[in-house]
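Asker: Return atomic coordinates for the entry below.
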Amino acid sequence: MTTTTGPGLFQPHTLALAVAVGFAAPAQAVNFNIGEIEGQFDSALSVGASWSMRSPDRDLIGPNNGGQGQAQTGDDGRLNF
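Answerer: Got it, this is the predicted structure:
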């Protein structure tokens with residue numbers, strides 16, 4: 001007897017989408033009116049992260065650090081400082 005199963009509900013891309021939607025927060029805004037002065041204060045906060053899983057690509061490392069890239073602003077994460 002063979003058993004065949006279909007794709008599960010929690011595949012990696014479905015789970016990633018669910019987590020992203022769960023952490024997404026709506027933007028907050030405050031309107032104020034002080035006499036003749038009216039205004040609105042809006043704010044948004046974003047957080048990000050990235051990491052390399054293998055050896056760094058030399059095209060992403062600046063020339064002063066032995067790479068072939070154009071800029072050195074992202075070298076710290078790629079060179080494990």
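Asker: all helices for this protein, in order.
Answerer: Ranges of helices in the chain, per DSSP state H, are 12-23, 75-78.
Asker: Against Gly39, how distant is the closest residue to Gln70 other than its chain neighbours?
Answerer: What sits nearest to Gln70 in space, not counting adjacent residues and going by Cβ to Cβ, 6 or more residues apart in numbering, is Gly62, at 7.7 Å. For the C-beta atoms, the positions are set from N, CA and C on the backbone; glycine is no exception. Separation of Gly62 from Gly39 (Cβ to Cβ, to the nearest Å) stands at 43 Å.
Asker: Tell me which of the two has more neighbours.
Answerer: Set Gly62 next to Gly39 and count neighbours by other Cβ atoms under 10 Å: Gly62 wins out with 17 against 9.
Asker: For Gly69, the count of nearby residues, please.
Answerer: Neighbours of Gly69 using other Cβ under 10 Å come to 18.
Asker: pLDDT score for the residue nearest to Phe32 when sequence neighbours are not counted?
Answerer: With Cβ to Cβ, 6+ apart as the criterion, Phe32 has its nearest non-adjacent residue at 5.4 Å, and that residue is Gly39. Predicted confidence (pLDDT) for Gly39: 90.
Asker: Contact partners for Gly39?
Answerer: Applying Cβ atoms under 8 Å, 6 or more residues apart in numbering, we find Gly39 in contact with Asn31, Phe32, Asn33.
Asker: Show me where the protein has its strands.
Answerer: Taking DSSP state E as the criterion, the chain carries its strands at 28-34, 37-43.
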